[in-house]
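Visitor: Quick one, structure for this:
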Amino acid sequence: MSVTIHTTMGDLKVEIACEVVPVTAYNFMALCASGYYNGCLFHRNIPKFMIQTGDPTGTGKGGESAYKEKFQDEFSDDLKHIRGSVSMANNGPNTNQSQFFICYKDCPHLNKKYTVFGKVIHGFDVLDAMEKVPTGPKNRPISPIKIRNITIHANPIADE
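Guide: This is a model prediction of the structure:
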């Protein structure tokens, strides 16, 4: 399973771990399929760490899951926070909603604290360019970076 996140800086192709973290994958795929992420800002960009998006308000304080409530964490020894990993943002255990982040480098201190549900498999040049965008207060990119839309290459939840 994969998706392409079309951003204002280029495309990131992401493989989704549907069988390893099914609750999280379902949430992400359902939000992608509904167009929920279209137009979302990457509202937090911390070089040598990560870039975050998934909040339609653009503030970093909003977002709602496909389940219409917060949902549980899913951890696997097979999914680690490495360069290009895609992980749910949260504000404590079992508080996942719609926000997610992409790691610029290995971040083992995040393992078992944030649910990894995918990894970038193409577009590392775009990820590198995003990391170089200057930021202002609260690590917000000075030049806005947005998700234009997301292409789903195969959607296992489409029949549900």
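Visitor: So which bits of the top helix by length along the chain are buried?
Guide: For the chain, the helix with the greatest residue count under DSSP state H is helix 22-34. Buried residues in helix 22-34, counted by 16 or more other Cβ atoms under 10 Å: Val23, Thr24, Ala25, Tyr26, Asn27, Phe28, Met29, Ala30, Leu31, Cys32. (Each C-beta comes from the backbone N, C-alpha and C, glycine too.)
Visitor: measure the fifth one to Asn45 for me?
Guide: When you say that, I think you mean Asn27. 23 Å (Cβ to Cβ, to the nearest Å).
Visitor: Can you tell me the closest non-neighbouring residue to the most centrally placed residue in the chain?
Guide: For the chain, Phe100 is the residue whose C-alpha lies nearest the centre (Cα atoms, centre = their mean; 3.3 Å). Take Phe100 and drop its neighbours on the chain: the residue closest to it by Cβ to Cβ, 6 or more residues apart in numbering is Gly54, 4.8 Å away.
Visitor: What about that neighbour, how many residues nearby?
Guide: By other Cβ atoms under 10 Å, 23 other residues sit near Gly54.
Visitor: those strands in this structure, which residues are they?
Guide: Along the chain, the segments classed as strands by DSSP state E run 2-7, 10-16, 44-46, 50-53, 85-88, 100-103, 116-122, 147-152.
Visitor: in its sheet, what does the last one sit against?
Guide: Partner strands and pairing direction for strand 147-152 (DSSP bridges) are strand 2-7 (antiparallel).
Visitor: Can you list the low-confidence ranges for this protein?
Guide: Counting by pLDDT under 70, the chain has low-confidence residues at 154-160.
Visitor: what about 90?
Guide: 1, 154-160 (pLDDT under 90).
Visitor: re the thing from before, to Glu74, which of the strands of the chain lies closest?
Guide: Of all these, the one in closest proximity to Glu74, counting by Cβ to Cβ, is strand 116-122 (7.8 Å).
Visitor: quick one: contacts of the closest one?
Guide: 2, 11-17, 21, 24-25, 28, 74, 76, 79-82, 84-88, 100, 102, 127 (Cβ atoms under 8 Å, 6 or more residues apart in numbering).
Visitor: Among these, the buried ones, what's the PyMOL command?
Guide: The following PyMOL line selects those of these that are buried, judged by 16+ other Cβ under 10 Å:
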select buried, resi 12+13+14+15+16+17+21+24+25+28+74+79+80+81+84+85+86+87+88+100+102+127
